[in-house]
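> Model the following, please.
(one chain, ligands or ions: 1)
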Amino acid sequence: MSIITGTTSTTSTPSEVERAEARTAHNYHPLPVVLAHGEGAWMTDVEGRRYLDLLAGYSALNFGHSHPRLVAAAHSQLDKLTLTSRAFIHDAFADFCAALGDLCGKELVLPMNTGAEAVETAIKVSRKWGYDVKGVPADQARIIVAGGNFHGRTTTIVGFSDDPDARDGFGPFTPGFDMVPYGDLAALEAAITPHTVAVLIEPIQGEGGVIIPPEGYLRAVREVCTREDVLLAADEIQAGLGRTGRTFACDHEGVVPDLYVLGKALGGGIIPVSAVVGNRDVLGVLKPGQHGSTFGGNPLACAVGHEVVDMLATGEFQARATDLGLVLRERLDALVGHGLIAVRSRGLWAGVDIDPTLGTGRQICERLMERGVLAKDTHGSTVRFAPPLVITDEDLHWGIDQLAAVLG
Ligand SMILES: *Cc1c(COP(=O)(O)O)cnc(C)c1O
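The predicted structure follows:
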């Protein structure tokens, strides 16, 4: 490990932390580290200290920081055309949509920017489909969601969260959502009514702590949705695009949803790019003027998103996630009973429950930071590990060594 020179500024960490706190809304509680540079799985702070990134922007940085292919795609598009709005068509648009549609095995793509917008889009499309195609009476559509979900931060989305922090104080909320326990097929089946238009679900709950539903659950949900004429909308924003060792987390059960809801890694860690991807019989319900976004599908987003899709098309990153995921799992399993209570993982994505006598998840992350590893706690005593898929075997081992030291 060497200290990168030339990237440090004269800024000190305490003063930057203080300045950030003084002039921003406190809707986050970041670790007190001020980053200035990133490359691959490593970041460097303003004082030249290096950190291994084991969060990867909540999977937005699946390809690591500054991946040369993605940076090159962005640079080349920056010099040509960056924004047109959807009032006009630009020359990077059709290629990106076709490539992403092909990756998903679907006919149509609706590009947006953030994950929450893609989820909102899936909700609107599902409702419209319900009225236009399924024949649900006006304003009666219902969507089934799962307990413990995380789908974003808009008022509609937090309205169907069961996390008090996300929800309390932000009502009144949008009606039309029914919550069932995650992983409970009988409850989901019982919640379906003739007005149900969609099941909106994360194939693995990332914010929930990398919660993996019981084997066969997603496949059964797919069967129920098909039988009951209900759309399956899979929120693959965090789970998808290589993270779990497959292109989509749904692939592990051979499940094809009606709508893929994508975001995070689709923007290559460079620009927000999200999308809803589906077939003509569903996405085709939208007509001009019924939905849109000024920045959705902009040239820069399409250039970067297209490169992301091309990188995923080879399967190379999925294979890395599978192989390194085995290493991650083996190392974490060895810590169960030695500071860890439980490990859940799929591909290069793990949630670990820390023995609470050793401290909170936050405290563990602070101690990891002191040892040069950045990770993020979620829900009290759970820590999530989602290294960039480009991390080396050696660096992954080193990162887990630091965890072992912190727990030991
Ligand atoms: C991050 C996330 C979102 C929201 O994405 P934003 O880009 O933050 O709006 C939605 N669903 C899941 C599963 C996520 O992980």
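
> Quick one: end-to-end length of stretch 25-40, please.
Taking CA to CA, to the nearest Å as the measure, stretch 25-40 stretches 30 Å from start to finish.

> Now do it: everything it contacts.
Applying CB atoms under 8 Å, 6 or more residues apart in numbering, the external contacts of stretch 25-40 come out as 4, 7-9, 11, 13-14, 16-17, 20, 43-46, 51, 53, 64-67, 362, 365-366, 369, 374, 388, 390-391. From N, CA and C alone the C-beta is placed, and that goes for glycine too.

> Drop anything exposed from those.
The neighbour count (16 or more other CB atoms under 10 Å) marks 8, 16, 43-46, 51, 53, 64-65, 67, 365-366, 369, 374, 388, 390-391 as buried among those.

> Counting only strands, which of the residues you listed make the cut?
Of the positions in those, 43-45, 51, 53, 374 sit in strands, assigned by DSSP state E.

> could you dump those residues to a markdown table with pLDDT?
As requested, those are exported to a markdown table (pLDDT from 0 to 100):
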| residue | pLDDT |
| --- | --- |
| 43 | 98 |
| 44 | 98 |
| 45 | 97 |
| 51 | 98 |
| 53 | 98 |
| 374 | 98 |
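
> What residues does whichever residue of the chain sits closest to the ligand make contact with?
Scanning the chain for the residue nearest the ligand gives residue 115, at 2.1 Å (criterion: CB to the nearest ligand atom). Applying CB under 8 Å, 6+ apart, we find residue 115 in contact with 151-152, 237, 261, 263-264, 274.

> Identify, from those, the entry nearest to residue 93.
Checking the contacts of residue 115 against residue 93 with CB to CB, the nearest one is residue 274 at 15.3 Å.

> OK, contacts around the closest one?
111-115, 117-118, 237, 261-264, 266-267.

> most neighbours, which of the residues you listed?
residue 118 (33 neighbours; other CB atoms under 10 Å).

> wait, that one sits on residue 273?
No. Counting by CB atoms under 8 Å, residue 118 stays clear of residue 273, with 9.5 Å between them.

> any shared contact partners between these two?
By CB under 8 Å, 6+ apart, the residues touching both residue 118 and residue 273 are residue 263.

> For the nearest residue to residue 204 once chain neighbours are set aside, grab phi and psi.
Leaving aside its sequence neighbours, residue 204 sits nearest to residue 239 (CB to CB, 6 or more residues apart in numbering; 4.6 Å). Dihedral pair for residue 239: phi -80, psi -20, per degrees, to the nearest 10.

> now the one 10 residues further on
The main-chain torsion angles of residue 249 are listed as degrees, to the nearest 10 and equal phi -60, psi -30.

> Just give the number of residues close to it.
27.

> Enumerate every residue touching it.
203-204, 234, 236, 239-240, 243, 346.

> In strands, which of these fall?
residue 234.

> what subset of the contacts of residue 249 is also close to the ligand?
Restricting the contacts of residue 249 to those touching the ligand (CB under 6 Å from any ligand atom) yields no residues.

> Dump the contacts of residue 249 to JSON lines, plus pLDDT and neighbour count.
Shown next, in JSON lines, are the contacts of residue 249 (pLDDT from 0 to 100; neighbours: other CB atoms under 10 Å):
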{"residue": "203", "pLDDT": "98", "neighbour count": "26"}
{"residue": "204", "pLDDT": "98", "neighbour count": "27"}
{"residue": "234", "pLDDT": "99", "neighbour count": "27"}
{"residue": "236", "pLDDT": "98", "neighbour count": "31"}
{"residue": "239", "pLDDT": "98", "neighbour count": "27"}
{"residue": "240", "pLDDT": "98", "neighbour count": "30"}
{"residue": "243", "pLDDT": "98", "neighbour count": "29"}
{"residue": "346", "pLDDT": "98", "neighbour count": "22"}
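
> Would you convert the contacts of residue 249 into TSV that also reports distance to residue 286?
What follows is the contacts of residue 249, written out as TSV (distance: CB to CB, whole Å):
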residue	distance to residue 286
203	25
204	28
234	19
236	20
239	25
240	22
243	29
346	33
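
> nearest to residue 299, of the contacts of residue 249?
Nearest to residue 299 out of the contacts of residue 249 is residue 240 (CB to CB; 23.4 Å).

> Nearest residue to the closest one in space, ignoring adjacent ones along the chain?
Per CB to CB, 6+ apart, closest to residue 240 is residue 248, 4.8 Å.

> Might you calculate how far stretch 335-351 sits from the centre of the chain?
On the basis of CA atoms, centre = their mean, to the nearest Å, stretch 335-351 sits 19 Å off its chain's mean C-alpha point.

> gap between the two ends of that stretch?
Using CA to CA, the two ends of stretch 335-351 sit 13 Å apart.

> before we move on, the earlier item: list the contacts of the residue nearest to residue 240.
If a contact means CB under 8 Å, 6+ apart, then residue 248 has 104, 203, 234, 236, 239-241, 260 as its contacts.

> Was I right to think the residue nearest to residue 204 contacts residue 206?
Yes. With contact defined as CB under 8 Å, residue 239 reaches residue 206; the gap is 6.3 Å.

> List the residues that are in contact with both of these two.
The contact lists of residue 239 and residue 206 share 59, 349, where a contact means CB under 8 Å, 6+ apart.

> if I've got this straight, residue 72 is in a strand?
No. Counting by DSSP: H, G, I helix; E, B strand; the rest coil, residue 72 is not part of a strand but helix.

> So what's the residue count around it?
So residue 72, with other CB under 10 Å, has 12 neighbours.

> Close to the ligand: what parts of the stretch 201-350 of the chain are there?
So the stretch 201-350 of the chain meets the ligand at 202, 206-207, 235, 237-238, 263-264 (CB under 6 Å from any ligand atom).

> mind running it again at 8 Å?
Counting by CB under 8 Å from any ligand atom, the residues of the stretch 201-350 of the chain close to the ligand are 202, 205-207, 235-239, 261, 263-264, 272, 274.

> Quickly check the residues you listed for the two that are furthest apart.
205 and 272 (21.8 Å).

> Which one's more surrounded, these two?
residue 205 (24 against 17).

> pLDDT wise, what is that one at?
We have a pLDDT of 98 for residue 205.

> cool, and residue 5?
Residue 5 is given a pLDDT of 51.
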